[in-house]
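**Student:** sequence unknown, structure follows:
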């Protein structure tokens, strides 16, 4: 991926504003009005100083009432605009970002995800969206605060002395170049620290996810030493950053301080030579003090902006370099007819140098229960993912109902197929929410739902505290493995797909749970094209056809009885497994 320039990234950063122009404008106006209070305060100081200088105290009451009114109007206007703008602005931006990037996240090319499933994919998108929204809000605030005061400062200085205006512009431009040059020195250092912090996050995630393995191998000290080593590198990195940061910040403060002293001496010289009044001298000094504060605020904002932009570019870079699912919306609409499945000389590799499936062919008959069995290590699960359209073959074709998957819209195909893995698809919510998630509309027929629950042998639901409305926790943590699996099968019944692919549906279950799951599956199989991948042959012995695969080739193919009578590889597997 070609690296984007800072200007290109900045343009991309502001893209969400296009869909929220009205809210963005009102937020900018709200911040602009709030920053205008400083300008009004300077005019107030000017008028009060003029009254004190001239001794015309009769105008004091008028000045106080006038500025009190202006302050009140600005504050009321600011509140009303904020009540319309900011209140909606933040959530509107978050909504825009989620609507833009969540589909990208969901539709990431599964083939690449399978090959490169790394810690970076596990970054919380919500954290990125919140950071983006906060940055946009801070950017509006700082621009709205700095811009009007900068314009006012130029105007006020020009009113006093035109040549001083030129000097001021030159000073400001020189300061910008100074900040940009030395901040660029820090960008590389900040990026290095940013990556090291992510490395710490990766190690922490590894420790949390590998808790039991670390305990069993007494490796916690090793993991902590690894993290400590990264912290030491960050400390060394911070020393370098501190050097350039000191030049940047202290240098900028020194330039501003010297400029302020020079300008103050100049303005007092103008006053004592009677070129300007005391009122203008004091007002000018007030303006300079405010300008110095604004310049320092701008410096902090610029530093934070360039630092936080790394967070933005990290996710953009990931999405830009990771292709989307091919043909998700594009392609021919899939039309289910009989469910015939043909694999024609397909090949697939996770590693470019090693194919896990090569020149494999098979035909699977419609409305049959077809089992794929064989020794571990031949990537039968990969074959299931290929048939499900979750990943794509490297070469040749998978043909479903005489329709090439490579030319078919995956969105339309997914509506006819369901891929049930060893880890059932359940989420943090109620039983009812999990069951109805696959449906476009919630089913109001409670009787029909109870029939599905009975078919899937989900009798455990009635024993739960709140029945269908029981919360099951993240990844169904409050349910057993068998309960989650039966719940997933109930979801299958509700979706009613034409093609069902099951990958080791009973591998992690006890005998009692396996029996119930097997009964539920038999209820499910009727009138569907079914592919079952299993090591435990209890699940597949009733299949219409069993395909035995070894070393990438079909070595046996028949039903359970015929394969048992042949005394071949399948019969040997049966003998090694108990329960037959």
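**Tutor:** Yes, it's here. The shown structure was predicted, so the numbers you read here are calculated from the model rather than taken from an experiment.

**Student:** number of nearby residues for residue 537?
**Tutor:** When neighbours are counted by other Cβ atoms under 10 Å, residue 537 registers 20. Backbone N, C-alpha and C define where each C-beta goes, glycine included.

**Student:** and it, how close does it get to residue 472?
**Tutor:** 31 Å (Cβ to Cβ, to the nearest Å).

**Student:** now swap in residue 158 and tell me
**Tutor:** 69 Å.

**Student:** ok, which stretches of the chain are strands?
**Tutor:** Along the chain, the segments classed as strands by DSSP state E run 341-348, 357-364, 369-373, 395-400, 403-404, 417-420, 499-503, 529-533, 545-550, 553-558.

**Student:** for residue 85, find the nearest of these.
**Tutor:** Residue 85 lies closest, by Cβ to Cβ, to one member of the strands of the chain: strand 417-420, at 45.6 Å.

**Student:** longest helix in this structure, please.
**Tutor:** helix 220-272 (DSSP state H).

**Student:** so where's the stretch 301-450 of the chain uncertain?
**Tutor:** 311, 314, 351-353, 377-378, 438-445 (pLDDT under 70).

**Student:** swap the cut-off to 80 and go again
**Tutor:** 303, 306-326, 338-339, 350-356, 366, 376-379, 421-428, 437-448 (pLDDT under 80).

**Student:** also the stretch 451-580 of the chain?
**Tutor:** In the stretch 451-580 of the chain, residues with pLDDT under 80: 473-477, 481, 505-524, 526-527, 535-539, 551-552, 576-580.

**Student:** got the end-to-end distance for stretch 403-416?
**Tutor:** 13 Å (Cα to Cα, to the nearest Å).

**Student:** starting at the chain centroid, how far to that stretch?
**Tutor:** Mean-position distance between stretch 403-416 and its chain equals 27 Å (Cα atoms, centre = their mean, to the nearest Å).

**Student:** again, but for stretch 57-68
**Tutor:** 55 Å.

**Student:** next, the buried residues of it.
**Tutor:** Using 16 or more other Cβ atoms under 10 Å as the test for burial, stretch 57-68 gives residue 67.

**Student:** what is the mean pLDDT for it?
**Tutor:** For stretch 57-68, the mean pLDDT works out to 87.

**Student:** so what touches that stretch?
**Tutor:** 40, 43, 44, 47, 48, 51 (Cβ atoms under 8 Å, 6 or more residues apart in numbering).

**Student:** buried subset of those as a ChimeraX selection?
**Tutor:** To isolate the buried members of these in ChimeraX, using 16+ other Cβ under 10 Å:
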select :43,44,47,48,51
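
**Student:** closest one to residue 408 out of the contacts of stretch 57-68, please.
**Tutor:** Of the contacts of stretch 57-68, the one sitting nearest to residue 408 (Cβ to Cβ) turns out to be residue 40, at 65.7 Å.

**Student:** so the closest one touches residue 72, yeah?
**Tutor:** No. Using Cβ atoms under 8 Å, residue 40 is not in contact with residue 72; the gap is 11.1 Å.

**Student:** of the contacts of stretch 57-68, closest to residue 478?
**Tutor:** residue 40 (59.5 Å).

**Student:** and the gap between the closest one and residue 188?
**Tutor:** Residue 40 is 43 Å from residue 188, by Cβ to Cβ.

**Student:** ok, residue 318 next?
**Tutor:** 21 Å.

**Student:** between the two, which one's more packed in?
**Tutor:** residue 318 (18 against 12).

**Student:** you'd agree residue 319 is up against residue 103?
**Tutor:** No. Residue 319 is beyond contact range of residue 103, at 10.7 Å (criterion: Cβ under 8 Å).

**Student:** between those two, who's got more neighbours?
**Tutor:** Set residue 319 next to residue 103 and count neighbours by other Cβ under 10 Å: residue 319 wins out with 15 against 12.

**Student:** excluding residues flanking it in the chain, which one is nearest that one?
**Tutor:** The shortest distance from residue 319 to any non-neighbouring residue, by Cβ to Cβ, 6 or more residues apart in numbering, is to residue 104 (5.3 Å).

**Student:** the one you found touches residue 325, doesn't it?
**Tutor:** No. With contact defined as Cβ under 8 Å, residue 104 does not reach residue 325; the gap is 10.3 Å.

**Student:** domain assignment for this protein?
**Tutor:** 6-190+241-321, 341-424+497-576 (automatic domain parsing).

**Student:** of those, which is nearest residue 199?
**Tutor:** Here domain 6-190+241-321 is closest among the domains of the chain (Cβ to Cβ), at 9.2 Å.

**Student:** count of neighbours near the nearest residue to residue 282 once chain neighbours are set aside?
**Tutor:** Leaving out its chain neighbours, the residue that sits closest to residue 282 by Cβ to Cβ, 6+ apart is residue 49, at 4.9 Å. Other residues within reach of residue 49, judged by other Cβ under 10 Å, total 18.

**Student:** check contacts around residue 49.
**Tutor:** Counting by Cβ under 8 Å, 6+ apart, residue 49 has contacts 278, 279, 282, 283.

**Student:** tell me how far the residue nearest to residue 319 lies from residue 406.
**Tutor:** 22 Å.
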